[in-house]
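[1] can't give you the sequence, but here's the structure:
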């Protein structure tokens, strides 16, 4: 595994010096194990938010989920990066299918990792050892997306995980494991309880991946596309073939192939490409020569 950046090592070292345990966790560790660049670092610790605010005087706590933001100067620029440090916790009740109704500060790293979404995101490290109770490293090796523990429970707790799982699979080029995919299909309708803004963010992140058309097909096969872009689903199977025209696919397949061949890397341009024929009436004029 590549080495943690110095800033991440510093946060862990400071907390350990104060008598607490601390680990880098989540997507940042996954990216490190895959030798990929990461956009930020997340940490988990047994220090409470109150203790974190004392230890890091410039930190801030503006949520109810145990996450303290610590601004630190970027090692390669003059800007500041915010590192998020979250107290070990367990959660109860998800009445809105997004956030827990009750948060209980935890005492062990293992309890904290048990609440996470995917095995590849439930890996922690303090820079010297790796804690991987759900065999996330093996799933990385096999390129698998697998829910932590009971897939049905993970997705019913937080419905955004449905879309995130497909987006991460698209981003990494992984396959969604069979039981996990079945749970996504079973719970697809729950995504309606997630705000349109969060759905939009995930779709745009998917558009920014190397193979966004693969993500659209995953959404279609999982049933999520019916919930987030029903207009696109209706386009599949709508014939647009006609004599002397260049179209060879139905409308939905044409749109997916347009996205596949889109030369732009801009996620908004890609999204517009995907939807460019949605809602546009198709009118065929007769060819005067053939009468067709």
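    Noted; the coordinates are in hand. Owing to the predicted nature of the structure, the values given are computational and were not obtained by experimental measurement.
[2] Please make it C-alpha for all contacts and neighbour counts, starting now.
    Will do.
[3] list the helices and strands the helix or strand hosting residue 13 packs on?
    Assigned by DSSP states H and E, residue 13 falls within helix 6-17. Applying 3 or more Cα pairs under 8 Å, 6 or more residues apart in numbering; DSSP states H and E, one finds that helix 6-17 makes contact with strand 22-25.
[4] Let's see that with 6 Å instead.
    Judged by 3 or more Cα pairs under 6 Å, 6 or more residues apart in numbering; DSSP states H and E, helix 6-17 is in contact with no other helix or strand.
[5] shaky segments in the stretch 151-292 of the chain?
    Applying pLDDT under 70 to the stretch 151-292 of the chain flags residues 241-247, 279-292.
[6] Pull the residues that contact the helix holding residue 13.
    With contact meaning Cα atoms under 6 Å, 6 or more residues apart in numbering, helix 6-17 is reached by residue 22.
[7] Could you give me the buried positions within it?
    Going by neighbour count (16 or more other Cα atoms under 10 Å), the buried part of helix 6-17 is 7, 8, 9, 11, 12, 13, 15.
[8] just curious, which of these is nearest to residue 171?
    residue 8 (24.3 Å; Cα to Cα).
[9] pLDDT score for the closest one?
    For residue 8, the model assigns a pLDDT of 89.
[10] Check the one 3 residues further on too.
    The score at residue 11 is 92. That number is its pLDDT.
[11] One more: residue 49?
    Note on residue 49: pLDDT of 89.
[12] Kindly tell me how buried it is, as a neighbour count.
    By other Cα atoms under 10 Å, the residues close to residue 49 number 23.
[13] List the contacts of it.
    With Cα under 6 Å, 6+ apart, residue 49 has these contacts: residue 66.
[14] just wondering, since we're on it, how far is it from residue 257?
    For residue 49, the distance to residue 257 equals 49 Å [Cα to Cα, to the nearest Å].
[15] again, but for residue 66
    Noted for residue 66: a distance of 44 Å to residue 257, by Cα to Cα.
[16] try residue 55
    Distance from residue 55 to residue 257, by Cα to Cα: 53 Å.
[17] same question, residue 81
    Relative to residue 257, residue 81 is positioned 38 Å away (Cα to Cα).
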